[in-house]
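**Q** Got a sequence here, can you model it:
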Amino acid sequence: MLINDHTSADAGNTPDFVPLFWWQGWSTRWYLTSVFNLKGFSCREAGLFVVVRREGDGQCTPLMVGMADSVSDDLYGQFGDALLRAIKAGATEVHVHLAEADTMKREAAMEDIAAGWQMPMMRPVVYA
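**A** Below you'll find the predicted structure:
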C-alpha cells in the first residue's frame, strides 16, 4: 500500500484493517482518510469523501471530493451521476474523512482539499 509516497505492508493484518491515506489541502493542513474499495462500500456516518483513481504506480488521483450526511448513501444516491463519471474515469476507491464534528468544519475541510487539488465539490441537497 502507498501512503503519501511511502510504502507500507498490509500483509498479516486482521480482516478489519483499513488502510489510511493523508490528503493535503490548499491551506497545507493534512486530512487523514480511511481507504475503501468503491465496490460494496458502506459508511452511513456524516463525513467527507474523496473519490480516487489508483494509478499503476500506486499514486492516487483524486476525481471528486464531497461531504455527506451519510457518506455511502449520499455518494451512491445524490451524487450518482458524478460518481458514474468518476468510475468511467477509472475511480476504484473512496477515501473517507470522519474527524470533523460539525457541518461547517466538514465543509471547510472539503473546500480546502478541493482547492488544493483543483477538483469539483459535491454538496448534499438540502430540502426545506
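
**Q** which intervals of this protein have sub-threshold pLDDT?
**A** By pLDDT under 70, the weakly predicted segments of the chain are 1-17, 125-128.

**Q** now whichever strand or helix holds Glu107, how far from the chain's geometric center?
**A** Glu107 belongs to helix 103-117 when assigned by DSSP states H and E. Put simply, helix 103-117 sits 12 Å off its chain's centre (C-alpha atoms, centre = their mean, to the nearest Å).

**Q** Flag every buried residue along that helix.
**A** Arg106, Ala108, Ala109, Met110, Glu111, Asp112, Ile113, Ala114, Gly116, Trp117 (16 or more other C-beta atoms under 10 Å). Where C-beta positions appear, they are placed from N, C-alpha and C, glycine not excepted.

**Q** after it comes which helix or strand?
**A** strand 121-122.

**Q** Would you point out which residue is most central in the chain?
**A** Val50 (2.3 Å; C-alpha atoms, centre = their mean).

**Q** Could you pull out the strands in the chain for me?
**A** Applying DSSP state E to the chain gives strands spanning 2-3, 6-7, 20-24, 30-37, 47-54, 60-68, 93-97, 121-122.
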